[in-house]
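Colleague: 3D, please:
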Amino acid sequence: MSSTPTDQQQTAQDEGVSALSFRLGAWGAAIPLLFFVIWAISISVLGLSSEIGLVMGALFGITLGLFFCTSQWEDYAKGLFEGLTQPVGVVAIVAWFYAGMFAQVLQVGGLVEGLVWLGAISDMTGGWFVALTFILAAIFSTAVGTGYGTTVAFCTLMYPAGVAVGSDPVMLFAAILSGAIFGDNLAPVSDTTIVSATTQDADVPGVVRSRFKYSIMAAAPAAILYVLFGGGGDSSATDPAALNAMMESTQPLGLVMLVPFALVLILALSGQHLLTSLTWGILVAIPTIVIVNTGSLSEIIAFDKDSDTVITGALVNGVQGYVTMSILILLIVAAAYLMKLGGTMEMITGRLMAWIGNSVKRAETSIWGIVALLNSAITINTAAEIAAAPFVRELGTRYHIHRYRRANMLDAVTSALGYIFPWGAPVLLGWSTITSMQGTYDWLPAVVPTEVFPFVFQGWFLALIMLFAALTSWGLKFEGPNGEAVKERPAALS
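Modeller: Below is the predicted model of the structure:
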């Protein structure tokens, strides 16, 4: 007898899983994602948080969910694989890889050194230098799209320089974190920008244009406060020789990297696809680096048979930097898809809607609260954003909140709170960077993370602006039948 399946059987095999049943009902389907969140909080509290640790938490959660599934395990596996192939994760990963390569190329080109040189020749002291540091960190983070990289780079170079010219150390560290927030939130090439846009089915250029007003409204008062309260440091203990040696390592030629950055920004905001914009940015940046001699081609890409990767350089580093997080977003998207198949999203949204009723203000306030809660617990902000995204999407689409608005609410709160709390990864990263440099500069004061969090003004202002927007519906746009932004609520919700 032939073992070849009939056409009807083959069709059944090709069809996706439409629903899954779990012990504990719809709550059982939430086990994979719920375990991940508890795992992430636990390792954060214990000081053991890492990207690969988060990946393991997601894998453990998905495996645990298998034992709560009362449907056939084969169907659970099919549902999992369907979730892994959702476009939202794949689009984010490809965009991350290109953004990572671009960011690494700009750093090889000496952009951060050029910006530090600009700060060094400004002759600004005290609070003015703190405000300048905030602005330069905002420019750099917007160019490279990495708040973590901005924190390390500016804590390494601008922090000692600022202390030397009489800036308050706490305010200076806070200004660096604030600048990192600005770019993490606004940059078209930022990982949080890409995740917030793709998870809400929005285009990155449109999202960036729509959120500019929120970023600037937070940045303007932040800069003023840094001018007013950023002085008062003690520069008398500074070693002039050490400071001069540090400043001599900077060079103005790195500022030429602002050209490919501006090109990417212009192309992206003019409506070009992000991959197109980033490709042109990389193609312009590489020959520019070689021509002005701020770096070498071997630093961008090289072949080394003695290396573990064989291929080395900035382009490789840019991709490697996002590999682990790429695995994580696929697993979290899959876990969210299992929740959809198990009816969890429907149940949670239904219960929230019972409280929200017909109030879009309550819907947006709920979105703000969900994102804030996850970001206060999970120290890696991109991971928190990935975990919150399915809830934002489900609740936002129910109330026809425009995808740009949903993406902005998701990203602004994520970027803001990720750099505020003392247990947050970027705060601890900056603190450890400063502490490690005390071996080089014995006069350099350290800043305890618990001291800095009240003064990360960009973060606090951005979070409060979005809360105000949620409570008052300021800037709210609804989504029309063809995805267009409309001011009036669709008739179905009126």
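Colleague: Can you report how many residues lie near Pro252?
Modeller: Pro252 has 14 neighbouring residues, counting by other CB atoms under 10 Å. In short, each C-beta sits where N, CA and C put it, glycine included.
Colleague: Check Thr198 too.
Modeller: Neighbours of Thr198 (other CB under 10 Å): 26.
Colleague: again, but for Ala336
Modeller: 26.
Colleague: now it, nearest residue through space, not along the chain?
Modeller: Nearest non-adjacent residue to Ala336, counting by CB to CB, 6 or more residues apart in numbering: Pro390, 3.8 Å away.
Colleague: check which helix or strand covers that neighbour.
Modeller: Element membership for Pro390, per DSSP states H and E: helix 381-398.
Colleague: Next, the buried residues of that helix.
Modeller: Buried residues in helix 381-398, counted by 16 or more other CB atoms under 10 Å: 381-396.
Colleague: helices and strands of this protein: which one bottoms out on pLDDT?
Modeller: Within the chain, no helix or strand scores below helix 7-14, which has a mean of 41 by mean pLDDT, DSSP states H and E.
Colleague: Tell me the helix or strand right after that one.
Modeller: Using DSSP H and E, the first helix or strand after helix 7-14 is helix 26-29.
Colleague: could you say what helices and strands the very next helix or strand once past that following helix packs with?
Modeller: For helix 26-29, the succeeding helix or strand toward the C-terminus, using DSSP H and E, is helix 31-45. Using 3 or more CB pairs under 8 Å, 6 or more residues apart in numbering; DSSP states H and E as the contact test, the elements touching helix 31-45 are helix 51-68, helix 314-341, helix 360-377, helix 381-398.
Colleague: immediately after the first one, which helix or strand?
Modeller: Beyond helix 51-68 on the C-terminal side, the first helix or strand identified by DSSP H and E is helix 73-84.
Colleague: could you dump the very next helix or strand once past that next one to CSV, C-alpha only?
Modeller: Counting by DSSP H and E, the element after helix 73-84 in chain order, helix or strand, is helix 87-108. Presented in CSV, the C-alpha positions along helix 87-108 are these (Å, rounded to 0.1, in the frame of the first residue of the first chain):
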residue,chain,number,x,y,z
PRO,A,87,7.2,38.8,9.4
VAL,A,88,7.5,41.2,12.4
GLY,A,89,10.5,39.3,13.8
VAL,A,90,12.2,38.8,10.5
VAL,A,91,11.9,42.4,9.4
ALA,A,92,13.3,43.6,12.7
ILE,A,93,16.3,41.3,12.4
VAL,A,94,17.3,42.3,8.9
ALA,A,95,17.0,46.0,9.8
TRP,A,96,19.1,45.4,12.9
PHE,A,97,21.9,43.8,11.0
TYR,A,98,22.1,46.7,8.5
ALA,A,99,21.8,49.3,11.3
GLY,A,100,24.5,47.5,13.3
MET,A,101,26.9,47.5,10.4
PHE,A,102,26.3,51.2,9.8
ALA,A,103,26.8,52.1,13.4
GLN,A,104,30.1,50.2,13.6
VAL,A,105,31.4,51.8,10.4
LEU,A,106,30.7,55.3,11.8
GLN,A,107,32.6,54.4,15.0
VAL,A,108,35.6,53.2,13.0
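Colleague: circling back to that earlier point, now for the residue nearest to Ala336: which residues touch it?
Modeller: By CB atoms under 8 Å, 6 or more residues apart in numbering, the contact set of Pro390 is Thr199, Val333, Ala336, Met339, Lys340, Met345.
Colleague: Please identify which helix or strand holds the spatially most central residue of the chain.
Modeller: By CA atoms, centre = their mean, the chain has its centre lying nearest to Thr192, at 2.7 Å. Thr192 is part of helix 191-199, with elements assigned from DSSP H and E.
Colleague: Check which element follows that helix along the chain.
Modeller: Note on helix 191-199: by DSSP H and E, the next helix or strand toward the C-terminus is helix 204-229.
Colleague: So which bits of that following helix are buried?
Modeller: Buried residues in helix 204-229 (16+ other CB under 10 Å): 204-208, 210-211, 214-215, 218-219, 222-223, 225-227, 229.
Colleague: Over to stretch 443-450?
Modeller: Buried residues in stretch 443-450, counted by 16+ other CB under 10 Å: Trp443, Leu444, Pro445, Val447, Pro449.
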